[in-house]
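Undergrad: Model the following, please.
(chains A and B)
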Number of protein chains: 2
Amino acid sequence: MIAETRFVQFESISLDSGASLAPADVAYQTYGELNPGRSNAILIEHAFSGDAHAAGISVETGKPGWWDSMIGPGKAFDTDKYFVICSNVLGGCRGTTGPSSINPASGKPYAMAFPVITIADMVRLQKMLIGHLGIRRLLSVSGGSMGGMQVLEWAVSYPEMIASAIPIASTARHSAQQIAFNEVGRQAIMADPDWNEGNYYDGKPPARGLAVARMVGHITYMSDESMRHKFGRRLRGKDSFGFDFSAEFEVESYLRYRGSQFVDRFDANSYLYITKAMDYFDLTNGQKSLAAALERATARFLVISFTSDWLYPSYQSQNMVNALRSRNRDVAYCELPSNYGHDAFLVEVGEQTELVRGFLASTYQREQAA
Amino acid sequence: MIAETRFVQFESISLDSGASLAPADVAYQTYGELNPGRSNAILIEHAFSGDAHAAGISVETGKPGWWDSMIGPGKAFDTDKYFVICSNVLGGCRGTTGPSSINPASGKPYAMAFPVITIADMVRLQKMLIGHLGIRRLLSVSGGSMGGMQVLEWAVSYPEMIASAIPIASTARHSAQQIAFNEVGRQAIMADPDWNEGNYYDGKPPARGLAVARMVGHITYMSDESMRHKFGRRLRGKDSFGFDFSAEFEVESYLRYRGSQFVDRFDANSYLYITKAMDYFDLTNGQKSLAAALERATARFLVISFTSDWLYPSYQSQNMVNALRSRNRDVAYCELPSNYGHDAFLVEVGEQTELVRGFLASTYQREQAA
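TA: This is a model prediction of the structure:
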């Protein structure tokens, strides 16, 4: 399956902060065909460092999409049956307007003049994209991690526009620990002199700070057990300690590699803005309770979490489920066994496929019958 | 109880790396009185960022020691009964020889010319201190976290010199995840241009990198639950989001404060060397198994861990206990309930006091009867 990124420009978008952006570009990909009734569209939401290239082989890079194991002909999100859409989030750096985009007011990149955005702002822009594609109601919205936050936001902001919601390894509100890890990443970037208050687009980016931020991230995406299996205490290409500060342990070498690799594909200012949006995310803002917040949601829910995920632990998914059930909503919850930690939503394809496939099929049947 | 730091200088010390240091200074404090039989001495081992000031009020700073809740008249380590010793570790920056000490060869601070050290090196220097104090056998050696690693090293390196061992919230080998968190801290420091390959003693220290490293550390010392209780999603001095990158959440403000505070009391190069020593720590190095490694230990053991400690999880303590039991050693194990995460060994005084008090009393009785 070949995947190509397309672009659409909207005149402007109003933001939760009171600011607005004009214009607002969206990079997106689609897979499969929209049926004549326009009733088979599914929106996929990417996680923090993802992009619009969710599936297939990119014509630009030749690489498979970040959820290619789940999206395609005969896969969980079966492109023989469904029309699947994925767009880069607002604030991102992969085609959708973000801090590295040109600020029409100055003719230079926004940098820190970019307004602080929220998960609801990201979703508002996606709604404009869905309208542009001529779709009135989505069969489903699904995504893991920050993708799951966008799913929840869709469910309460535009309940009439979605038939079902599949938040995976996610939360209805960022916890103190989750905010703390994001803040460490931000501070690592802002501590790098090359960050230069965000004005580095003419020179070299804050590569060292961004790499450190990414290293922290990678630890939180794995589990104690998956790191033991993958690296243990193995030394890199030698049998005994070197008594120096080179990357001796395989885990050190891996983290340094992933850190430096990330610098080539991600914008440090996007790191700041997107993590901030995640930290602001709390469905209960301005509501009495999570149950009260979710009362607006009318979609069917399939909520999935993973046993070894300590970054977005199962109790956070269970909080959503309890809130939805307390309002008598249609919700199925599955905690899947996995040793992969938070990465499980990208890795554990088998059981997720079974769950998602059945859930989508029954949702489609109900929609046709309604 | 007034506490005063004393110093002793040894001519030289040989290190695991093959290098040696000459001279080697040790900063230490003592509390209580050594009895005529010299049979009531207890060595306390500090954790990563600790120092010799474990108890009492410092004559230098007016501040209580880092384990003052556990050491003193009538406390767990009862200074009415026992003679308690604590020294700053080799590689440290609080009086014992470390990378910030003057290198006699150059007349300038060692910086990165300081040799890489191990937990066994730290313990070897402590053995010299104990000899200097005229003590042949310690009633007990105790400490939490990295302190517990030193306890284990004592137990296998100098089994005839200790009657009992109390490793708390610790491990017999650093795991991939533990190495990974330390590596992130080291990379944050080394990414700071002010680190300057370790040569910053004439100028300004790598304060930003060290602060980021410490922020990561603080997250790992707490638990998800303790952070929720302590900070939750509370904003600092306001009711609504500011839509900027100031420290809005209390947890952000706390981490930034703790990070910057740490810079005033800790040397960045000591951070590198001490974390490296922890990462090298593996009692099974050169042994068939942990049980084989611990076969040399003859001390009685009291092993303590805490339910919410995810940095040094209980399974690591249980591995020690299983290994000791498999060699028929005298070992008691208690997993204490706590929400405080790894910090619990510093905070949960009540139950630890009961356990330690009884264990020390029975050890003392046995020693007198032997």
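
Undergrad: Just the buried residues of the longest helix along chain A, please?
TA: Longest helix of chain A, by residue count under DSSP state H: helix A:349-369. For helix A:349-369, the neighbour count (16 or more other CB atoms under 10 Å in any protein chain shown) marks A:Gln352, A:Thr353, A:Leu355, A:Val356, A:Arg357, A:Phe359, A:Leu360, A:Thr363, A:Tyr364, A:Glu367 as buried. Just so you know, the C-beta spots here come from the backbone N, C-alpha and C atoms, and that holds for glycine as well.

Undergrad: swap in stretch A:58-74?
TA: Neighbour-count burial for stretch A:58-74 flags A:Ser58, A:Pro64, A:Gly65, A:Trp66, A:Trp67, A:Asp68, A:Ser69, A:Met70, A:Ile71, A:Gly72 (criterion: 16+ other CB under 10 Å).

Undergrad: Restricting to the residues you listed, which residues neighbour chain B?
TA: By CB under 8 Å from any CB of the partner chain, no member of the buried residues of stretch A:58-74 lies near chain B.

Undergrad: Turn these into CSV, including secondary structure, distance to B:Ala323 and pLDDT.
TA: As requested, the buried residues of stretch A:58-74 are exported to CSV (DSSP: H, G, I helix; E, B strand; the rest coil; distance: CB to CB, whole Å; pLDDT from 0 to 100):
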residue, secondary structure, distance to B:Ala323, pLDDT
A:Ser58, strand, 51, 97
A:Pro64, strand, 45, 98
A:Gly65, coil, 47, 98
A:Trp66, coil, 42, 98
A:Trp67, coil, 43, 98
A:Asp68, coil, 44, 98
A:Ser69, coil, 40, 98
A:Met70, coil, 43, 98
A:Ile71, strand, 47, 98
A:Gly72, strand, 49, 98
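
Undergrad: Among those residues, which one lies nearest to A:Ala268?
TA: Distance to A:Ala268, by CB to CB, is smallest for A:Trp66 among the buried residues of stretch A:58-74, at 20.1 Å.

Undergrad: quick one: the nearest residue to the closest one once chain neighbours are set aside from chain B, how far?
TA: Counting by CB to CB, 6 or more residues apart in numbering or on different chains, A:Gly50 is the residue found nearest to A:Trp66 once chain neighbours are left out, at 5.0 Å. Going from A:Gly50 to chain B by CB to the nearest CB, to the nearest Å gives 22 Å.

Undergrad: Confirm that A:Gly50 sits in a helix.
TA: No - assigned with DSSP: H, G, I helix; E, B strand; the rest coil, A:Gly50 falls outside any helix and is coil.

Undergrad: How much space separates it from A:Gln150?
TA: Per CB to CB, to the nearest Å, A:Gly50 is found 11 Å from A:Gln150.

Undergrad: swap in A:Ala188?
TA: The gap separating A:Ala188 from A:Gln150 is 25 Å, by CB to CB.

Undergrad: of those two, who's got more company?
TA: A:Ala188 (34 against 29; other CB atoms under 10 Å in any protein chain shown).

Undergrad: Summarise which helices and strands the helix or strand hosting the more buried one is packed against.
TA: Using DSSP states H and E, A:Ala188 falls within helix A:176-191. Contact here means 3 or more CB pairs under 8 Å, 6 or more residues apart in numbering or on different chains; DSSP states H and E; on that basis helix A:176-191 packs against helix A:207-221, helix A:268-280, helix B:176-191, helix B:207-221, helix B:224-230, helix B:250-263.

Undergrad: of all those, which lies closest to A:Glu248?
TA: Closest among the helices and strands packed on helix A:176-191, using CB to CB: helix B:176-191, at 9.4 Å.

Undergrad: Report the angle between the closest one and helix A:176-191.
TA: Put simply, helix B:176-191 runs at 30 degrees to helix A:176-191, going by axes from the mean of the first three to the mean of the last three CA atoms, to 10 degrees.

Undergrad: what is the orientation angle of helix B:176-191 with helix A:250-263?
TA: Using the same axes, to 10 degrees: helix B:176-191 against helix A:250-263 is 50 degrees.

Undergrad: Could you check the angle helix B:176-191 makes with helix B:207-221?
TA: On the basis of the same axes, to 10 degrees, helix B:176-191 is oriented at 160 degrees to helix B:207-221.

Undergrad: Report the distance from helix B:176-191 to the chain centre.
TA: 18 Å (CA atoms, centre = their mean, to the nearest Å).

Undergrad: rewinding a little: dump the buried residues of stretch A:58-74 to TSV, plus distance to A:Met1.
TA: TSV is the format used below for the buried residues of stretch A:58-74 (distance: CB to CB, whole Å):
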residue	distance to A:Met1
A:Ser58	10
A:Pro64	9
A:Gly65	9
A:Trp66	14
A:Trp67	13
A:Asp68	8
A:Ser69	12
A:Met70	13
A:Ile71	9
A:Gly72	5
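
Undergrad: any idea which of the residues you listed is closest to chain B?
TA: Distance to chain B across the buried residues of stretch A:58-74 (CB to the nearest CB) is lowest for A:Trp66, with 22.8 Å.

Undergrad: Test my guess that the closest one contacts A:Ala54.
TA: Yes - using CB atoms under 8 Å as the test, A:Trp66 is close enough to A:Ala54 to be in contact (5.9 Å).

Undergrad: anything in contact with each of those two?
TA: Residues touching both A:Trp66 and A:Ala54 (CB atoms under 8 Å, 6 or more residues apart in numbering or on different chains): A:His46.

Undergrad: most centrally placed residue in chain A?
TA: The C-alpha lying nearest the average C-alpha coordinate of chain A belongs to A:Ala47 (CA atoms, centre = their mean; 1.5 Å).

Undergrad: Is that residue in contact with A:Gly144, as I believe?
TA: Yes - in this structure, A:Ala47 is within contact of A:Gly144 by CB under 8 Å, at 5.7 Å.

Undergrad: So which residues on the stretch 201-350 of chain A come close to chain B?
TA: Looking at chain B, the residues of the stretch 201-350 of chain A close enough under CB under 8 Å from any CB are A:208-209, A:211-212, A:215-216, A:218-219, A:222, A:224, A:227-228, A:230-233, A:241, A:243-245, A:247, A:249, A:251-252, A:255-256, A:259, A:272, A:276, A:279-280, A:282, A:310, A:313.

Undergrad: Need the buried ones from these selected in ChimeraX.
TA: Burial among these is assessed by 16+ other CB under 10 Å; the matching ChimeraX selection reads:
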select /A:208,209,211,212,215,216,218,219,222,224,227,228,231,233,241,243,245,247,249,251,252,255,256,259,272,276,279,280,282,310,313
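
Undergrad: and the stretch 51-200 of chain A, which of its residues are near chain B?
TA: Selection of the stretch 51-200 of chain A residues close to chain B by CB under 8 Å from any CB yields A:112, A:115-116, A:173-177, A:179-181, A:183-184, A:186-188, A:190-193.

Undergrad: list residues touching both of A:Ala47 and A:Gly144?
TA: Jointly contacting A:Ala47 and A:Gly144 under the rule CB under 8 Å, 6+ apart are A:Phe345.
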